[in-house]
Each structure stands twice: as structure tokens, then as C-alpha cells.
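Peer 1: this is the structure alone, sequence omitted:
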Ligand SMILES: Nc1ncnc2c1ncn2[C@@H]1O[C@H](COP(=O)(O)OP(=O)(O)OP(=O)(O)O)[C@@H](O)[C@H]1O
């Protein structure tokens with residue numbers, strides 16, 4: 001490589017590092033994608049979150065587990081702006097204070113959420129659903145095919161492969177299996193290139209094979225996106241966590257334990273309130 005090329009490469013690298021994020025974009029300069037500190041939420045005097053703290057790394061795949069009522073959904077609601085916490089801090093990157101942003105601004109900043117129930121357009125084909133998501137405006141239903149650029153068409157092909165639906169491209173979404181609908185919706189979220197994906201019980205109702213393929217899918221997304229997966233299916237969580245990833249256990253609105261799957265599974269407090277039941 002010539003010295004000029006080396007220099008150009010070094011310059012591009014330094015520009016990328018010092019790039020100023022445009023308004024509303026997170027800056028990930030400390031390796032942290034999501035920072036939650038001492039979050040408190042009460043509903044009519046009932047403390048749903050009682051001082052919850054955790055951080056999610058850039059590109060990390062994190063599983064969050066905990067008994068019913070532990071505060072998992074409330075946590076997701078605070079991150080996406082659906083619920084306003086009473087106190088505490090929620091930052092996306094080092095600069096975006098999510099407590100000051102509304103749901104639409106939080107989604108635009110790059111936080112995508114997948115609810116338990118799939119919400120795809122059942123009357124449209126798989127490809128049409130993804131086209132709508134790529135076009136970025138779910139309301140502009142009709143004129144989509146003409147509007148996609150060449151790059152978007154390529155991306156559509158990639159997304160179909162990523163979410164295991166390449167063979168179902170022209171199939172009407174309403175005819176897909178439950179698992180396939182979930183994958184399609186994940187594909188629609190990915191079309192918007194979220195930096196952080198929140199996934200609420202993604203494998204509930206899936207067959208064993210679909211569950212396995214969903215684990216493969218999430219593992220393939222690690223590194224490109226940060227993922228927070230809330231799930232009760234322990235064998236799915238064990239597959240995702242493997243030997244080294246961190247699992248967070250919530251209980252009564254706080255972090256009860258955090259560590260590898262093996263560490264939390266052998267934690268006395270966790271066994272008592274959750275796994276041992
Ligand atoms: N809008 C609300 N009004 C009153 N109480 C609420 C509200 N939302 C949640 N709660 C309560 O807050 C607590 C935490 O609920 P949350 O849904 O966050 O738990 P979870 O960990 O997601 O449970 P699950 O695993 O059953 O989905 C529960 O006791 C719940 O009843």
C-alpha cells in the first residue's frame with residue numbers, strides 16, 4: 001500500500017472516530033449503547049421499578065429474565081418513551097437523554113421494539129411488508145415498488161435471507177406460520193437499521209425448530225446491533241447466552257443478579273425467586 005493510501009485511510013479512520021453525530025443520533029464513544037441508572041417508576045403508589053440500573057454495550061446481545069411482575073416490560077416502556085419514569089437516568093449512547101424525548105424521536109434515534117404479538121400487514125406479501133419498512137413510511141402503502149432504490153432492492157434481498165424468508169418472498173403474510181410472522185416483523189424492524197433492538201418474548205408460541213432458528217438469527221445480529229431480549233424460555237436464553245454473554249435477572253423492579261448463564265443459574269437468590277420455582 002502506498003504512503004498516500006495509508007494516509008488517506010488513517011484520515012478516514014480519524015474522521016469516523018471524531019464524527020459529530022447529527023442531532024438526535026446517539027454517540028457511542030464509550031462502548032455503551034444504553035445506560036440505565038437508578039430508574040424508579042410507581043403506578044398508583046405501587047413501585048414497579050425501585051432503582052433499576054444496568055448498561056448494554058454497543059453490539060451486545062443481552063438476555064433479561066425475571067419472574068412475572070419483575071418490571072421487564074416497564075423497563076422497556078421507559079426506554080421507548082411509553083412510560084415516563086419518576087426518577088433516574090436513561091441514556092442512549094453518551095448524549096441522548098431518553099427521558100427528554102418522545103416515542104417517535106426515540107424510534108428515529110435508532111431504538112426498535114418488537115412486541116410479543118406480531119403486527120405485520122397480513123394482506124400484503126412478505127416482500128411488500130419489507131418494502132414498506134424500507135421506504136420508512138408504513139402509511140404510504142401503495143406506490144412502494146416504484147419508490148425503492150437499487151440499494152434498497154439489494155437490502156430487501158439481504159433482509160429476506162437474514163430472517164429466513166427468502167423462499168416466502170411472494171407469500172401473503174397472513175398465510176405465514178406464527179414464527180415466520182415474527183421473523184417478518186423482525187425483518188421490518190431491521191429495515192430501519194436500529195442500533196438497539198428490544199425484543200419482548202420473541203419465541204413465545206414458536207415451535208422448537210422456529211425457536212432454534214430465532215436463536216441463530218439473534219446471534220447473527222450481535223455486533224451489528226445491540227439486542228435486549230426479554231424471555232421466559234430458559235433453554236432459548238441458555239442458547240443465546242452461551243458461556244460468556246451476560247444475563248440480567250430482574251426482581252421487584254431491581255437488578256437481582258447479572259452474569260453468565262451459569263453464574264445466575266447457580267445464584268441462590270435467583271434460584272429462590274425465579275429458577276427454582
Ligand atoms: N400501567 C400500570 N398500572 C399499574 N400497575 C402496573 C402498570 N404496568 C405495570 N404494572 C405493575 O408493575 C409491575 C411490573 O410489571 P411489568 O409488566 O413491568 O412486569 P414484567 O416483568 O414485564 O412481567 P411479565 O413477565 O409478566 O410480563 C407488575 O406488578 C404490574 O402489575
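Peer 2: Nice, I can see it. Given the structure is predicted, the values throughout are model-derived calculations rather than measurements. Numbers count the residues shown, from 1 in each chain.
Peer 1: the ligand contacts on this protein?
Peer 2: Selection of the chain residues close to the ligand by Cβ under 6 Å from any ligand atom yields 43, 46, 48, 66, 68-74. Glycine gets a C-beta too; all of them are placed from N, C-alpha and C.
Peer 1: just put those in JSON lines and tack on distance to residue 215.
Peer 2: Converted to JSON lines, the residues of the chain next to the ligand look like this (distance: Cβ to Cβ, whole Å):
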{"residue": "43", "distance to residue 215": "33"}
{"residue": "46", "distance to residue 215": "35"}
{"residue": "48", "distance to residue 215": "29"}
{"residue": "66", "distance to residue 215": "20"}
{"residue": "68", "distance to residue 215": "23"}
{"residue": "69", "distance to residue 215": "26"}
{"residue": "70", "distance to residue 215": "22"}
{"residue": "71", "distance to residue 215": "25"}
{"residue": "72", "distance to residue 215": "19"}
{"residue": "73", "distance to residue 215": "22"}
{"residue": "74", "distance to residue 215": "26"}
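Peer 1: now the buried members of the residues you listed.
Peer 2: 48, 66, 70-74 (16 or more other Cβ atoms under 10 Å).
Peer 1: strands - which of those land there?
Peer 2: Judged by DSSP state E, those include residue 48 as members of strands.
Peer 1: what helix or strand is the residue nearest to residue 221 when sequence neighbours are not counted located in?
Peer 2: Closest residue to residue 221 apart from its sequence neighbours, by Cβ to Cβ, 6 or more residues apart in numbering: residue 227 at 6.1 Å. Here residue 227 sits within strand 226-230, counting by DSSP states H and E.
Peer 1: could you identify the helix or strand that succeeds that strand?
Peer 2: helix 234-241.
Peer 1: now do that following helix: which elements does it pack against?
Peer 2: strand 61-65, helix 208-221, helix 261-265 (3 or more Cβ pairs under 8 Å, 6 or more residues apart in numbering; DSSP states H and E).
Peer 1: okay, these in a markdown table with distance to residue 185, mean neighbour count and mean pLDDT next?
Peer 2: Listed next are the helices and strands packed on helix 234-241 as a markdown table, based on distance: least, Cβ to Cβ, whole Å; neighbours: other Cβ atoms under 10 Å; pLDDT from 0 to 100:
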| stretch | distance to residue 185 | mean neighbour count | mean pLDDT |
| --- | --- | --- | --- |
| strand 61-65 | 18 | 24 | 97 |
| helix 208-221 | 12 | 16 | 96 |
| helix 261-265 | 26 | 18 | 96 |
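Peer 1: indicate which one of those is closest to residue 55.
Peer 2: Across the helices and strands packed on helix 234-241, residue 55 has its closest neighbour in strand 61-65 (9.4 Å, Cβ to Cβ).
Peer 1: and the closest one with strand 226-230, angle?
Peer 2: Interaxial angle, strand 61-65 versus strand 226-230 (axes from the mean of the first three to the mean of the last three Cα atoms, to 10 degrees): 20 degrees.
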